[in-house]
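>>> Got a predicted model here, sequence first, then my questions.
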Amino acid sequence: MWKSFELYKHCAFKQKLLAPGRLFSLGRELKQQAFLELLDTKPTRSDDDWLQAKPYAEIPGPGTWRLLSYFLPGGKLHNTNLIDMNRRMREWYGDIYRVPGLGKPDMIFTYNPNDFAVTYRNDGVWPLRTGLESFTYYRIVHRPDVFGGVGGLVSEQGKSWGDIRNKVNPVLMKVQNVKQNLPQIDEISKDFVDRLESLRDPHTHTIKCNFQDQIKMWAFESISYVALNTRMGMFTDHPDPNAIRLAKYMIDFFNDSFKYDVRPSIWQYYQMPGFKRFLQNYDNITEITINYIEAAMDRFERDGHSDNTCVLQQLLALNKRVAVAMAMDMLMAGMDTTSSALVTILYNIASNPVKQGQLRRELFHILPKANDSLTEENTKNMPYLRACIKEALRITPITPGNFRVTSKDLVLSGYRVPRGTGVLMGVMELSNSEEYFAKSAEFLPERWLKQDLDSDIAACPEARSRNPFVYLPFGFGPRTCIGKRIAAMELETLLVRLLRNYRISWLGKKPLQYESSIILSPHGDIRFKFEPVVENSS
Ligand code: HEM
């Protein structure tokens with residue numbers, strides 16, 4: 001018994017909760033059932049599987065000092081990005097390794113799909129995914145006056161997460177509810193294409209500005225429409241100045257969150273000036289979001305009751321505080337993710353002209369005339385486009401690893417892993433491995449097709465893994481991405497418009513490069529060529 005108790009000393013969760021002098025801990029979350037149970041450090045299992053498993057302490061991995069030495073100047077991992085860091089650690093330690101939490105829960109990195117299955121299947125109804133602690137701190141500790149204890153989906157855990165999620169699931173996940181936004185999302189995509197055309201050099205077919213920045217504005221305009229029922233006018237000559245500020249604050253938020261939530265930081269003990277500026281940035285986002293929501297509420301009241309109530313109206317009907325937190329979550333979680341995905345998908349299609357030609361044939365069926373509108377009806381049947389999206393996100397899932405904190409004692413890869421430990425599931429490594437996807441280096445949308453589409457588009461499902469856990473670009477289970485249907489609609493709409501109008505090729509000197517922060521973001525030399533498509537040709 002004592003021996004097994006020793007194992008639990010490794011549970012950094014407990015250490016964290018007891019750390020002296022910490023300005024903010026998971027104390028609030030302790031009120032929640034799941035975390036209360038985690039504090040009880042006695043093992044809950046005595047079955048054979050558990051008893052025969054190897055002790056937690058035997059999981060390979062660096063100790064605290066060795067880990068720190070890797071990151072110091074001259075260290076083996078100094079200045080490496082997250083992806084390279086994980087790859088090298090996997091080479092050194094194998095398919096499962098343990099990284100000390102340094103004040104956070106220890107983290108297990110696993111590249112074994114059986115571990116993914118065990119982790120997800122033991123998630124329960126309230127899966128734990130901690131991470132953005134600054135988010136929780138801001139809402140719960142710093143601005144209770146605004147949020148009144150509502151942390152929102154990204155930060156809540158346990159029952160309070162479940163209560164919000166149950167309420168907002170029908171609003172954001174129901175297909176019909178999402179699809180009611182299609183006409184406006186299509187308008188936004190048309191405006192984007194008009195904007196692109198105005199920036200396009202008709203001789204070189206290149207655009208005279210940073211494409212990635214433009215795509216971020218498209219993602220911002222689209223998600224703002226869904227979350228705030230407001231057109232920001234980012235592609236007009238005079239966008240709303242508050243919208244420009246909000247978009248900038250969002251970009252800063254993303255960068256700062258990586259600094260304070262992912263990298264080691266001491267803000268929980270001492271708030272340095274940079275962190276105070278980060279809180280100010282949160283305040284700015286909150287203030288502008290609330291102003292937009294209040295303006296929308298006035299509009300709803302003026303315009304009277306409508307049967308087709310929009311997402312924001314439905315969220316407001318639940319509770320104004322939930323609506324504010326959810327709108328902010330949507331803006332924060334739905335801008336960089338969707339824009340990075342769009343560039344990734346476009347890059348893969350642009351680099352594969354034969355597949356692009358096949359795709360365009362499908363798009364000509366959907367939009368015989370370029371200016372036709374996209375409707376629920378004509379977007380129902382786009383199997384090749386959907387396969388291209390899936391395939392690009394297989395090669396580069398925007399979130400290359402999925403994360404959970406275990407709420408039960410688990411056996412992973414033959415080791416005992418106590419509840420309260422972080423588990424990072426390295427899904428991108430598996431979705432790019434020959435073991436699970438034949439010809440894994442190739443862009444092969446056909447692997448996702450259910451049936452042949454044409455004489456020259458043969459379905460190839462045997463090139464796809466039968467294991468559902470090796471391809472999860474939107475996560476899994478009750479805590480899966482709540483915006484996945486919205487993201488899919490936005491991506492499909494703009495891709496139809498772009499590829500229906502232009503033959504697109506990649507001009508970058510190297511393959512598309514990424515920087516890894518909270519997500520993978522394309523960066524560096526991002527240049528495409530946009531040649532207008534001759535009508536009725538592919
Ligand atoms: C291609 C674009 C996107 C990708 C690849 C993506 C991916 C993800 C992933 C992997 C998760 C974690 C799921 C899990 O732990 O099982 C997540 C969570 C989340 N996503 Fe997305 N996402 C995208 C777009 C969006 C959009 C447009 C929204 C806005 C509605 C959004 C809102 C959220 C929220 C609020 C969560 C937290 C859900 C919760 O904890 O209950 N995402 N996303």
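Thanks, I have the structure now. Numbering: from 1, shown residues only.
>>> How are the strands of the stretch 351-500 of the chain distributed by residue range?
402-405, 410-412, 415-417, 422-425 (DSSP state E, counting those that start in this stretch).
>>> Reformat those strands as a markdown table; add distance to residue 370.
C-beta coordinates here come from the backbone N, C-alpha and C atoms, glycine included. Formatted as a markdown table, the strands of the stretch 351-500 of the chain follow (distance: least, Cβ to Cβ, whole Å):
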| stretch | distance to residue 370 |
| --- | --- |
| strand 402-405 | 39 |
| strand 410-412 | 52 |
| strand 415-417 | 55 |
| strand 422-425 | 42 |
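>>> nearest to the ligand, of the ones you listed?
Smallest distance to the ligand across the strands of the stretch 351-500 of the chain (Cβ to the nearest ligand atom): 5.6 Å, for strand 402-405.
>>> before we move on, the earlier item: mind putting the strands of the stretch 351-500 of the chain into a markdown table with mean pLDDT?
A markdown table is the format used below for the strands of the stretch 351-500 of the chain (pLDDT from 0 to 100):
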| stretch | mean pLDDT |
| --- | --- |
| strand 402-405 | 94 |
| strand 410-412 | 98 |
| strand 415-417 | 97 |
| strand 422-425 | 96 |
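>>> Can you redo these as TSV, where the extra columns are mean neighbour count and distance to residue 477?
Below are these laid out as TSV (neighbours: other Cβ atoms under 10 Å; distance: least, Cβ to Cβ, whole Å):
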stretch	mean neighbour count	distance to residue 477
strand 402-405	22	9
strand 410-412	21	15
strand 415-417	24	18
strand 422-425	24	12
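>>> quick one: which of those is nearest residue 82?
strand 422-425 (10.1 Å; Cβ to Cβ).
>>> number of nearby residues for the spatially closest residue to residue 467 that is not a sequence neighbour?
Spatially, and ignoring its direct neighbours in sequence, residue 467 is nearest to residue 113 (5.2 Å; Cβ to Cβ, 6 or more residues apart in numbering). Counted with other Cβ atoms under 10 Å, the neighbours of residue 113 add up to 18.
>>> how much space is there between residue 288 and residue 248?
Applying Cβ to Cβ, to the nearest Å, the value for residue 288 to residue 248 is 11 Å.
>>> quick one, which of these two is more surrounded?
Taking neighbours as other Cβ under 10 Å, residue 288 and residue 248 compare with residue 288 leading, 20 against 12.
>>> Nearest to the ligand: which residue in the stretch 151-300 of the chain?
Counting by Cβ to the nearest ligand atom, the stretch 151-300 of the chain gets nearest to the ligand through residue 153 (3.9 Å).
>>> now that residue: how far from residue 327?
12 Å.
>>> more crowded one of those two?
The residue with more neighbours, out of residue 153 and residue 327, is residue 327; 26 against 20, by other Cβ under 10 Å.
>>> Name the SS class of the more buried one, please.
Three-state call for residue 327 (DSSP: H, G, I helix; E, B strand; the rest coil): helix.
>>> Quick check: closest non-adjacent residue to it.
If you skip the residues right next to it in sequence, residue 327 has residue 227 as its closest partner in space, 4.3 Å away by Cβ to Cβ, 6+ apart.
>>> how many neighbours does that neighbour have?
Neighbours of residue 227 under the rule other Cβ under 10 Å: 28.
>>> give the contact list for it.
With contacts defined as Cβ atoms under 8 Å, 6 or more residues apart in numbering, residue 227 is in contact with 311-312, 326-327, 330-331, 334.
>>> Helix or strand for it, just tell me which one.
helix 211-228 (DSSP states H and E).
>>> Distance check, residue 206 against residue 199.
According to Cβ to Cβ, residue 206 and residue 199 sit 9 Å apart.
>>> Kindly state the domain boundaries assigned to this structure.
44-133+401-439, 162-399+473-532 (the TED database).
>>> Could I get the CA-only coordinates of stretch 340-348 as PDB?
The C-alpha trace of stretch 340-348 is given here as PDB (Å, rounded to 0.1, in the frame of the first residue of the first chain):
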ATOM      1  CA  SER A 340      -4.400  28.400 -40.300                       C
ATOM      2  CA  ALA A 341      -6.600  25.500 -41.600                       C
ATOM      3  CA  LEU A 342      -7.600  27.500 -44.700                       C
ATOM      4  CA  VAL A 343      -4.000  28.300 -45.600                       C
ATOM      5  CA  THR A 344      -3.000  24.700 -45.000                       C
ATOM      6  CA  ILE A 345      -5.800  23.200 -47.100                       C
ATOM      7  CA  LEU A 346      -5.200  25.700 -49.900                       C
ATOM      8  CA  TYR A 347      -1.500  25.000 -49.900                       C
ATOM      9  CA  ASN A 348      -2.100  21.200 -50.300                       C
END
